[in-house]
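Novice: I would like to see how this sequence folds:
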Amino acid sequence: MDWQLAMQFSQLTQGLEADTPIFIKDTRIFNSTVNNRLKVLCQKAEIPSIMVHSLRHTHASLLIFAGVSIASVARRLGHSSMTTTQETYLHIILYKR
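Specialist: Have a look, this model is predicted:
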């Protein structure tokens with residue numbers, strides 16, 4: 001997240017309790033709904049379609065490649081163990097060496 005986006009979030013969340021969710025709607029949003037919308041946007045942009053889960057992998061890979069610790073990436077992804085993160089992203093870890 002760049003500083004401009006961080007500033008926008010800061011303004012949007014002013015006055016909220018620290019544990020107040022900011023991305024929750026009153027209705028359930030399903031993964032397939034988000035993936036379908038993303039597919040339409042990718043088609044409009046004339047780029048290959050990508051799923052939300054793939055964006056998660058890209059994000060984690062970029063963090064590891066940038067030198068963020070495995071422990072931090074594991075926490076960010078919600079992995080119960082750093083081993084899961086290491087096994088999933090071993091190819092990035094080895095590539096960096």
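Novice: Endpoints of stretch 40-51, how far apart?
Specialist: Terminal residues of stretch 40-51 lie 11 Å apart, using CA to CA, to the nearest Å.
Novice: just stretch 77-94 next, same as before
Specialist: Using CA to CA, one end of stretch 77-94 lies 20 Å from the other.
Novice: State the distance from the residue nearest to the spatial centre of the chain to Leu16.
Specialist: For the chain, the residue nearest the mean C-alpha position is Arg56 (4.4 Å; CA atoms, centre = their mean). With the distance defined as CB to CB, to the nearest Å, Arg56 ends up 25 Å from Leu16. For every residue, glycine as well, the C-beta is placed using N, CA and C.
Novice: before we move on, what about Ile70?
Specialist: Ile70 is 31 Å from Leu16, where distance means CB to CB.
Novice: neighbour-wise, which of the two wins?
Specialist: Neighbour count, other CB atoms under 10 Å: between Ile70 and Leu16, Ile70 has more, with 16 against 10.
Novice: picking that back up, what about the closest residue to the residue nearest to the centre of the chain other than its chain neighbours, neighbour count?
Specialist: Nearest-residue entry for Arg56: Leu77, 7.1 Å, with adjacent residues in sequence omitted and distances by CB to CB, 6 or more residues apart in numbering. Residues near Leu77, counting by other CB under 10 Å, number 16.
Novice: Spit out the contact partners of Leu77.
Specialist: Each residue near Leu77 by CB atoms under 8 Å, 6 or more residues apart in numbering is listed here: 56, 60, 85.
Novice: at 10 Å what do you get?
Specialist: By CB atoms under 10 Å, 6 or more residues apart in numbering, the residues touching Leu77 are 56-57, 59-60, 63, 84-85, 88-89.
Novice: Quick check: pLDDT value at the residue sitting furthest away from the middle of the chain.
Specialist: Centroid-distance maximum for the chain: Gly15 at 25.1 Å, with CA atoms, centre = their mean. Note on Gly15: pLDDT of 86.
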